[in-house]
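Prediction below, plus the sequence it came from.
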Amino acid sequence: MKPLNTIRKFASLRNAIVLLLVGLIFIGIGGYVLVKSPHRGSEETTATIVRLEEEYDEAEDITSYHPYVDYEINGTAYQDVPLSGYSSGMKVGDEIQVYYDPAAPTELYASGDALLPILILIVGLAAAIFGVISLKKAAGQSTATDEYNQVSLEDIDPARQKEILDSLEPSHTYYFHFQKKFPRQGYDMEDEFKSIVYQANLKKFTLFKPFIFEFVNHRTHISTTRSISHGVAKSVGFGTSENGSFAIPVDNHFEIDGVNNWKYLASHGFGVEYHRKKLGFDFDVFHYGVKVATIETMGTAIFDDDKSGEGNFLKRLPANGLYRVTCRESDLDMVFMTCFSLARAFFTEN
């Protein structure tokens, strides 16, 4: 029995720690700048920009501007005093707020400069808070993952298995169906908003040689080309594979890159069990003994956006290759391949 992959756990902890450290660094920088700021102990007054001195740096090909202002402090007028700090919105004649040192009234600073250390502190504080929250959340995931890894999965109650998995990543509902185009050799999987999340597109159709399919995960934007053989049907009954992982029509099969499709799934730790319904079947998908997905057979009513077909008995009849799937996004690759295997294996029975 293999343990759950813990990459997600360590990535969450790492990101939380990095965010917390970045926040603390910003708080330190902001505090230092604020303590060393020339604005400490300074006073504010109104000044008028009287000129902008232009300076061109030929080596860097940069033009900079230095403002000069007139202002008055306690009845004493100061004229054409250089101001430390320039903003692109400044122009001659503007009245602006400036800070000055009472002990040295000609040392001026733009009021906007005083906000910089405060902004740095705010950003640092926000990052630190989010870091702490993320750290607590990651620690909660760590507890669930530790329990999952330390105990044999077969010894964990199924309800607790689902609780642990849901704490790591929520499940979503998807709809797997054949592509609505002739000859219906390709398959799509959509989310609840009708957005395609996964596809198996037929790239090459042949009568005797294997088909060529392109499998596209639209969530990760990764595509893989695979050779898919024609199906082989030896019976229409359900059976169990040699390793006991499947309770499915294993005699009906095809090959994925030269490997029996059921053995291909088993080699990745995936197994399937079926449940009979009044009409059709439902399937439970397991990964190393833990249930990770459910696949429900559906009727063509799933194509009706307005749900007009829900009251039509014929449209509600389960059809080959039409499934409602519940799984986690991280399991999409193998769950889609399971749906693909079920659809094409059953297709050989017709």
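That came in fine, so what should we check first?

Could you use CA atoms for every contact and neighbour count after this?
OK.

how's this structure carved up into domains?
43-102, 169-347 (automatic domain parsing).

mind listing what the nearest residue in space to Asn320 that is not next to it in sequence touches?
Leaving aside its sequence neighbours, Asn320 sits nearest to Ala343 (Cα to Cα, 6 or more residues apart in numbering; 6.1 Å). Taking Cα atoms under 8 Å, 6 or more residues apart in numbering, we find Ala343 in contact with 320-322.

Now Ala343. Its backbone dihedrals?
phi -60, psi -50 (degrees, to the nearest 10).

Just give me the lowest mean pLDDT stretch among the domains of the chain.
Of all these, the minimum mean pLDDT falls on domain 169-347 (a mean of 79).

Quote the end-to-end distance of stretch 201-220.
17 Å (Cα to Cα, to the nearest Å).

And stretch 72-92, by the same measure?
First-to-last distance for stretch 72-92 - Cα to Cα - comes to 17 Å.

what sits up against that stretch?
Contact with stretch 72-92 is made by 45-52, 65-71, 105-110, 113, as judged by Cα under 8 Å, 6+ apart.

does Tyr56 belong to a helix or a strand, and which?
Using DSSP states H and E, Tyr56 falls within strand 43-57.

Now do the helix or strand just after that strand against strand 43-57, angle only.
The helix or strand immediately downstream of strand 43-57 is strand 62-73, counting by DSSP H and E. Orientation check (axes from the mean of the first three to the mean of the last three Cα atoms, to 10 degrees): strand 62-73 against strand 43-57 gives 150 degrees.

Tell me the strands beside strand 62-73, with direction?
Within its sheet, strand 62-73 is paired with strand 43-57 (antiparallel), strand 76-84 (antiparallel), according to DSSP bridges.

Of all the ones you listed, which one is nearest Ile196?
strand 43-57 (54.7 Å; Cα to Cα).

List the buried residues in the closest one.
44, 47-52 (16 or more other Cα atoms under 10 Å).

Mind giving me the packing neighbours of the helix or strand that contains Ile212?
Using DSSP H and E, Ile212 sits in strand 211-217. If contacts are counted by 3 or more Cα pairs under 8 Å, 6 or more residues apart in numbering; DSSP states H and E, strand 211-217 sits against strand 196-204, strand 222-228.

which one of those is the most hemmed in?
Most buried of these by mean neighbour count (mean count of other Cα atoms under 10 Å) is strand 196-204; its value is a mean of 19.

Contacts for it next, please.
185-191, 211-219, 332, 336.

what about 10 Å?
Residues outside strand 196-204 that contact it (Cα atoms under 10 Å, 6 or more residues apart in numbering): 174-179, 183-191, 210-228, 329, 332-333, 336-337, 340.

so where do the helices sit in the protein?
7-36, 115-150, 158-168, 261-267, 313-316, 332-347 (DSSP state H).

Tell me how far Tyr99 lies from Tyr71.
11 Å.

Compare the two (neighbour count), which wins?
Tyr99 (27 against 19; other Cα atoms under 10 Å).

isn't that one right up against Glu43?
Yes. Tyr99 lies in contact with Glu43 (Cα atoms under 10 Å); the separation is 5.4 Å.

Now do the shared contacts for those two.
105, 108.

May I have the strand holding Tyr56 as PDB, with CA atoms only?
This file holds the C-alpha atoms of strand 43-57, laid out as PDB (Å, rounded to 0.1, in the frame of the first residue of the first chain):
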ATOM      1  CA  GLU A  43       6.800  70.200  10.400                       C
ATOM      2  CA  GLU A  44       4.600  70.800   7.400                       C
ATOM      3  CA  THR A  45       3.900  73.900   5.300                       C
ATOM      4  CA  THR A  46       2.600  75.000   1.900                       C
ATOM      5  CA  ALA A  47       5.000  75.800  -0.900                       C
ATOM      6  CA  THR A  48       4.700  77.000  -4.500                       C
ATOM      7  CA  ILE A  49       6.700  75.500  -7.300                       C
ATOM      8  CA  VAL A  50       8.500  78.400  -9.000                       C
ATOM      9  CA  ARG A  51      10.700  76.500 -11.500                       C
ATOM     10  CA  LEU A  52      11.800  73.000 -12.600                       C
ATOM     11  CA  GLU A  53      15.400  72.600 -13.300                       C
ATOM     12  CA  GLU A  54      16.100  70.000 -16.100                       C
ATOM     13  CA  GLU A  55      19.200  67.800 -16.000                       C
ATOM     14  CA  TYR A  56      20.100  65.400 -18.800                       C
ATOM     15  CA  ASP A  57      22.400  62.500 -18.200                       C
END
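
Residues contacting it, please?
With Cα under 10 Å, 6+ apart as the test, strand 43-57 has contacts from 62-73, 78-83, 86, 90-102, 105, 108-111.

please redo it, this time with the cut-off set to 6 Å
The contact list for strand 43-57 (Cα atoms under 6 Å, 6 or more residues apart in numbering) reads 62-71, 92-100.

What subset of those residues is buried?
Counted by 16+ other Cα under 10 Å, the contacts of strand 43-57 give 65, 67-71, 95, 98-100 as buried.
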